[in-house]
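Asker: Dropping the sequence and predicted coords here.
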Amino acid sequence: MTKADIINDIAEKTGIEKLAVQASVEAFMKSVRNSMEKGENVYLRGFGSFIVKKRAEKTGRNISKNTTIIIPAHYIPAFKPAKTFTEEVKKNVKKAVIA
């Protein structure tokens, strides 16, 4: 499912114009992105959490030059689904695959 599919789905279910839904979805994504860029986590009860994870410094290999490189510590965005969300996906995907 793409962002366009999500916008179409919301517009159909709510009766709101696609342009208004698109603006809302874009604003939501921008808000989440801005919060995470500040190092803040975003919690959506019943859905999940957008969290900032810290990756430790580690040693890697550049196989084309056969050299060792140091990958510095850095932060990455991650999504952790809510327990109820995970359970619903597990339950319903099994049904969809079997049917």
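Answerer: Done, it's in. Residues are numbered from 1 along each chain as shown.

Asker: can you list contacts of stretch 28-41?
Answerer: The contact list for stretch 28-41 (C-beta atoms under 8 Å, 6 or more residues apart in numbering) reads 42, 49-52, 75, 77. In this view, the C-beta of every residue, glycine as well, is placed from N, C-alpha and C.

Asker: how far away is F47 from E88?
Answerer: According to C-beta to C-beta, to the nearest Å, F47 stands 11 Å off from E88.

Asker: Return the residues in contact with I16.
Answerer: For I16, the set of contacting residues under the criterion of C-beta under 8 Å, 6+ apart consists of I10.

Asker: oh, and call the first residue 670 from now on, that's how I've got it
Answerer: Happy to do that; since the first residue is 670 now, the last one works out to I685.

Asker: Looking at the chain, which helix is longest?
Answerer: helix 687-706 (DSSP state H).

Asker: what about the helix-or-strand element of the chain with minimal mean pLDDT, distance to the chain center?
Answerer: Scoring the helices and strands of the chain by mean pLDDT, DSSP states H and E places helix 752-767 at the bottom, with a mean of 83. Relative to its chain's centre, helix 752-767 lies at 18 Å (C-alpha atoms, centre = their mean, to the nearest Å).

Asker: which SS state does G729 fall under?
Answerer: Local secondary structure at G729 is given as strand here, using DSSP: H, G, I helix; E, B strand; the rest coil.

Asker: got the contacts of stretch 697-710 as TSV, with neighbour count, secondary structure and distance to A692 columns?
Answerer: As requested, these are exported to TSV (neighbours: other C-beta atoms under 10 Å; DSSP: H, G, I helix; E, B strand; the rest coil; distance: C-beta to C-beta, whole Å):
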residue	neighbour count	secondary structure	distance to A692
V711	18	strand	19
S718	14	strand	25
F719	18	strand	20
I720	15	strand	26
V721	16	strand	26
Y744	12	strand	29
P746	14	strand	23
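
Asker: Sweet, I'm off.
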